[in-house]
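Participant: can you look at this prediction? I've put the sequence above it.
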Amino acid sequence: MQSNNKPISSIRLFRTSLHPCSYKASEEATTVFVDPDLIIDKRLNSKLSELGYRRSGAHLYRPDCDRCSACISVRVCVNEARFSRNQRRILKRNEALSVVEQADLNSAAAFDLYRRYVDKRHQGGDMFPATDDQFETFIKTKTVDTRFFLFYEDQRLVAVSVVDFLEQGLSAVYTFFEPDLHQRSLGNYVILWQISKCRELGLAHLYLGYWIKGCDKMEYKSKFRPMEFLIDGHWTKIT
């Protein structure tokens, strides 16, 4: 692996050929990846998150489609965030959950939960079916600044959140949860918890990855306000 002390502008990028879009049916996409030989440390991850990149396993990437710019990087302004009545209900509903922070994720219960989540929530998608190798490369692969937060109902594991610590915030890399506990709204709860965690740590932003207008899979992200959208290289606040 190479040191990444070089200027961001000098980092090598690699662009994929056309591949099926994960979010828009019948569309093709292209993706730019950062030089895979670079070590993803907090400095690199922070700088590139600011520019709209996202971590997936061992790679930092961003969409780079010729005919589409629908994928927009979004982040929550945590110091100004105000929870709605429904969000406060979600917090109340889950206040008894306990949270354990880990530097690694070596848990058979975590894989079992991931498998149930993918098989129930992503059936027919490119993540289905869940496999040991997928879990290893996508979920367990980390940076030195990655933490795994495990949410328990008594002794039962009900959610796992993979989070990267950045200089200016937290990046919500991926969250999976018990798919049959609909009444708990666990996906929304974990984001609310992450917002509170940012405040506790004195960090200004929670990065939620990409948002696409009209995409049902991503609609939940728009419920957390105020939010900033990366448009034409500038973060623009939407309240």
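Facilitator: Perfect, thanks for sending it.
Participant: am I right that residue 52 is in a helix?
Facilitator: No. Assessed with DSSP: H, G, I helix; E, B strand; the rest coil, residue 52 is coil; it does not lie in a helix.
Participant: just give the nearest non-adjacent residue to it, would you?
Facilitator: residue 73 (4.0 Å; Cβ to Cβ, 6 or more residues apart in numbering). In short, each C-beta sits where N, CA and C put it, glycine included.
Participant: for that neighbour, what are its contacts?
Facilitator: 52, 54, 62, 207, 209, 210, 211, 229, 230 (Cβ atoms under 8 Å, 6 or more residues apart in numbering).
Participant: tell me which element it falls in.
Facilitator: Following DSSP states H and E, one finds residue 73 within strand 72-77.
Participant: quick check: what element follows that strand along the chain?
Facilitator: Following strand 72-77 in sequence, per DSSP H and E, is helix 85-93.
Participant: other SSEs contacting that next one?
Facilitator: With contacts defined as 3 or more Cβ pairs under 8 Å, 6 or more residues apart in numbering; DSSP states H and E, the packing partners of helix 85-93 are helix 186-201.
Participant: ok and the helix or strand following the helix it packs on relative to strand 72-77, angle-wise?
Facilitator: Going down the chain from helix 186-201, the next helix or strand is strand 205-211, by DSSP H and E. Interaxial angle of strand 205-211 relative to strand 72-77 (axes from the mean of the first three to the mean of the last three Cα atoms, to 10 degrees): 150 degrees.
Participant: ok, the one helix or strand in the chain whose mean pLDDT sits lowest: who's next to it in the sheet?
Facilitator: Ranked by mean pLDDT, DSSP states H and E, the weakest helix or strand in the chain is strand 19-20, scoring a mean of 92. In the sheet, strand 19-20 lines up against strand 28-29 (antiparallel) (DSSP bridges).
Participant: for the protein, just list every one of the strands.
Facilitator: Taking DSSP state E, the strands of the chain run over residues 13-15, 19-20, 28-29, 31-34, 54-56, 59-63, 72-77, 98-102, 146-153, 156-165, 169-177, 205-211, 227-231, 234-238.
Participant: buried set for the fourth one?
Facilitator: In other words, strand 31-34. Buried residues in strand 31-34, counting neighbours by 16 or more other Cβ atoms under 10 Å, are found at 31, 33, 34.
Participant: if we can go back for a sec, list only buried entries from the contacts of residue 73.
Facilitator: Buried members of the contacts of residue 73, scored by 16+ other Cβ under 10 Å, are 52, 54, 62, 207, 209, 210, 211, 230.
Participant: residue 220 reaches residue 190, doesn't it?
Facilitator: No. Counting by Cβ atoms under 8 Å, residue 220 stays clear of residue 190, with 11.0 Å between them.
Participant: these two - which one has more neighbours?
Facilitator: Applying other Cβ atoms under 10 Å to residue 220 and residue 190 shows that residue 190 carries more neighbours, namely 23 against 14.
Participant: just confirm that one contacts residue 159, I think it does.
Facilitator: Yes. Distance between residue 190 and residue 159: 5.7 Å, which falls inside the contact criterion (Cβ under 8 Å).
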